[in-house]
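Trainee: Okay, here's the prediction I keep looking at, along with the sequence it came from:
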Amino acid sequence: MTRAGRPGPNQRGRPLGILWEGSFFVHHSLANINCEVATLLAGRDGIDIGLLPYERHTFGEEVDPRYRLLTARLGHRPAPVDFHVRHRWPPDFTPPEEGAFILIQPWEYGWAPTAWVEAITTSVDELWTHTRFVRDAYVRSGVDPRKVMVIPLGVNASRFNPDVEPFPVRSEKSFKFLFVGGAIDRKGFDVLLRAYADEFTARDDVCLVVKDFFYGGSGRELVRALRRDERAPEVRYGYGTMDPTRLGGLYTACDCYVQPYRGEGFGLPILEAMACGLPVIVTGRGAALDYCSDETAYLVPAEEEPFPPEDWPQELPTVQPATWFEPDLAALRGLMRHVFEHREEATRKGRLAHAHVHERYLWGRTVEEMVRRLERRRGSA
């Protein structure tokens, strides 16, 4: 007899039953990850996957014909459920009704919430993280290291490559920096905007393109304030809700991706930019070091610092005071100027980044690692 919540003995020839819970047809990164992974799982022999949506859909299979595989599995429940995989926000640590509980839970700071550690210890069978940085944060906070697995994310090679048709950007400037993500302090948007405004002026042949995912931060106000200064360099902000099939064109329309984050669990737009052949300027600490090096990226020096305690949510205490990274502003300015003035070198680095990502960080590789992990766990149950 097996313990409740665990899969039974491996039955040769029986499909692997997976119930995947989370957001799907919604415009944010977790949903995009779920769609890409679930689509590949649904098209794979020996897998019986059902989808348990968390949020109401805002689009459907019309966005991508591959998503018909997902539509067919919405509400489907495998029999039996070997594994219940949960990847959603906010997190839910409630054990599922059936199957081993696999939790995918990003985190961006140096120490994990105390309540999360306790719940993972008592309720979760296995925790999947996307980078060693996140794994180390959970382990140093008290999660059993044998329970935590690192499974990197990937990109869709057909959507993110240097040959994708560029998205039309309304700017006469010949060189364009790009930022994709929430224009919030954790993403380092304030650091980027300050470095950009301090280093360049309206006379420079340069534009900063910002694709914001609105998280409620102060990004819009910061951009408005900058635009009131006639001497300030150009910023193009917005581009609305963009479905994943079109996002690659925004990268190929630009010349360099910049994200001086303070905290990241992975940084998928960084990987997407690299896949499109862009040189990237990113924080040289934390999550991005799993796939960025001096050979494939420009790394901004940064120091680990305490997160401002007055800004931390009191309802979510961490095992130790939360930390994040503070990028070096002067170094960021210098790197942006360097890339702007040394475009051939930056282009070469972008080519190396493209080759690196397309060799090692495609969604197919992510799914292969997930399936290997699940089959190994079911076989040892």
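Mentor: Good, I have the coordinates.
Trainee: check which helix or strand covers Asn133.
Mentor: Residue 133: Phe, not Asn. Assessed by DSSP states H and E, Phe133 sits inside helix 132-140.
Trainee: contact partners of the following helix or strand past that helix?
Mentor: On the C-terminal side of helix 132-140, the nearest following helix or strand under DSSP H and E is strand 148-150. The contact list for strand 148-150 (CB atoms under 8 Å, 6 or more residues apart in numbering) reads Glu126, Leu127, Trp128, Thr129, His130, Thr131, Arg132, Val134, Arg135, Tyr138, Val139, Arg373. C-beta coordinates here come from the backbone N, C-alpha and C atoms, glycine included.
Trainee: Could you list the low-confidence segments of this protein?
Mentor: Along the chain, the parts satisfying pLDDT under 70 run over 1-12, 214-217, 381.
Trainee: which residues in the protein form strands?
Mentor: 16-22, 47-53, 83-87, 100-104, 126-129, 148-150, 175-181, 206-212, 234-238, 256-259, 280-283, 298-300, 302-306, 323-327 (DSSP state E).
Trainee: what's the angle between the first one and strand 100-104?
Mentor: Using axes from the mean of the first three to the mean of the last three CA atoms, to 10 degrees, the direction of strand 16-22 lies 40 degrees away from that of strand 100-104.
Trainee: could we number from 235 for the rest of this?
Mentor: From this message on, residue numbering opens at 235, which makes the last subject strand 250-256.
Trainee: Please state the offset of strand 250-256 from the chain centre?
Mentor: On the basis of CA atoms, centre = their mean, to the nearest Å, strand 250-256 sits 21 Å off its chain's mean C-alpha point.
Trainee: what does the last one give?
Mentor: Remark: strand 557-561 is offset 18 Å from the chain centroid, using CA atoms, centre = their mean.
Trainee: Partner strands of it and their direction?
Mentor: Strand pairing for strand 557-561, determined by DSSP bridges: strand 536-540 (antiparallel).
Trainee: do the fourth one as well
Mentor: On the basis of DSSP bridges, the sheet neighbours of strand 334-338 come out as strand 317-321 (parallel), strand 360-363 (parallel).
Trainee: what distance separates the last one from the centre of its chain?
Mentor: Right, the one you point to is strand 360-363. Distance, stretch centre to chain centre, for strand 360-363: 15 Å (CA atoms, centre = their mean).
Trainee: likewise stretch 382-389?
Mentor: Mean-position distance between stretch 382-389 and its chain equals 10 Å (CA atoms, centre = their mean).
Trainee: what are the ranges of the helices in the stretch 485-615 of the chain?
Mentor: 502-509, 563-575, 577-594, 597-614 (DSSP state H, counting those that start in this stretch).
Trainee: Next, format the ones you listed as TSV and append mean neighbour count.
Mentor: Formatted as TSV, the helices of the stretch 485-615 of the chain follow (neighbours: other CB atoms under 10 Å):
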stretch	mean neighbour count
helix 502-509	26
helix 563-575	18
helix 577-594	17
helix 597-614	16
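Trainee: Would you mind putting these into TSV with distance to Glu464 alongside?
Mentor: Formatted as TSV, the helices of the stretch 485-615 of the chain follow (distance: least, CB to CB, whole Å):
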stretch	distance to Glu464
helix 502-509	30
helix 563-575	21
helix 577-594	27
helix 597-614	45
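Trainee: picking that back up, go through the strands paired with strand 334-338 and pick out the most buried.
Mentor: Burial of these is given as mean neighbour count (mean count of other CB atoms under 10 Å); strand 317-321 ranks first at a mean of 24.
Trainee: just to revisit the earlier point, redo the strands of the chain as JSON lines? Include distance to Ala391.
Mentor: Output for the strands of the chain, formatted as JSON lines (distance: least, CB to CB, whole Å):
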{"stretch": "strand 250-256", "distance to Ala391": "22"}
{"stretch": "strand 281-287", "distance to Ala391": "21"}
{"stretch": "strand 317-321", "distance to Ala391": "22"}
{"stretch": "strand 334-338", "distance to Ala391": "22"}
{"stretch": "strand 360-363", "distance to Ala391": "22"}
{"stretch": "strand 382-384", "distance to Ala391": "22"}
{"stretch": "strand 409-415", "distance to Ala391": "18"}
{"stretch": "strand 440-446", "distance to Ala391": "21"}
{"stretch": "strand 468-472", "distance to Ala391": "27"}
{"stretch": "strand 490-493", "distance to Ala391": "18"}
{"stretch": "strand 514-517", "distance to Ala391": "18"}
{"stretch": "strand 532-534", "distance to Ala391": "24"}
{"stretch": "strand 536-540", "distance to Ala391": "31"}
{"stretch": "strand 557-561", "distance to Ala391": "30"}
